[in-house]
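Colleague: predicted model follows, preceded by the sequence.
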Amino acid sequence: MTAAVRKGIKISGACLFFLYMAGLIYFLFFAESYGRGAAGAVCDYNLRPFREIIRFLRYRETLGSRAVFLNLAGNVIGFLPFGALLPLMMRSLRRAWKIGFLSLEISALIEVSQLLFQVGCFDVDDMILNTLGGLLGYAVFVICSQRWDGKS
């Protein structure tokens, strides 16, 4: 792959990352259709790992497939671009542990912000699922970069 192609991919990745972050911020803090920005919303917190994940799986029929999908898969899928695009933009982030740690940090920042601004609930399970999403995104990056470099 030529240097010009690599630079183009890096610039495209940066643009996609910017759009992704703008969309993520909107969805997490302002999307009224998901209960964001509602004045007087009841905010709670969960500090026990896997409590909400198990609850959503156990009561999936009562809660409905949309709620289960949005909570479980949505948290994983929401962080896939984070793990895939960051190492594309920055060579220093091309280690799984770095992406995992950064995913956890950003997720914790989001959860605390949601609680402080009362636009969501602090949930340690969301942090677990977001981190998993970031790591899966990193795996996508690794697979794609091996194919781009012809190492498949």
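Modeller: Here it is on my side, so go on.

Colleague: can you tell me the element the residue nearest to the spatial centre of the chain falls in?
Modeller: Ranked by distance to the mean C-alpha position of the chain (CA atoms, centre = their mean), the top residue is Phe79 at 2.0 Å. Taking DSSP states H and E as the criterion, Phe79 maps to helix 74-89.

Colleague: tally of neighbours for the residue nearest to the residue nearest to the centre of the chain when sequence neighbours are not counted?
Modeller: In space, not counting the residues next to it along the chain, Phe79 is nearest to Gly133; the distance is 3.1 Å by CB to CB, 6 or more residues apart in numbering. Quick note: C-beta positions are derived from backbone N, CA and C, even for glycine. When neighbours are defined as other CB atoms under 10 Å, Gly133 has 24 of them.

Colleague: hang on, the earlier thing: mean confidence score for the next helix or strand after the helix holding Phe79?
Modeller: Tracing the chain past helix 74-89, the next element assigned as helix or strand by DSSP H and E is helix 96-116. The average pLDDT within helix 96-116 is 95.

Colleague: distance from helix 96-116 to the middle of the chain?
Modeller: Here helix 96-116 shows a centroid-to-chain-centroid distance of 9 Å under the convention CA atoms, centre = their mean, to the nearest Å.

Colleague: got it, and stretch 48-68?
Modeller: Counting by CA atoms, centre = their mean, stretch 48-68 comes out at 19 Å from the chain centroid.
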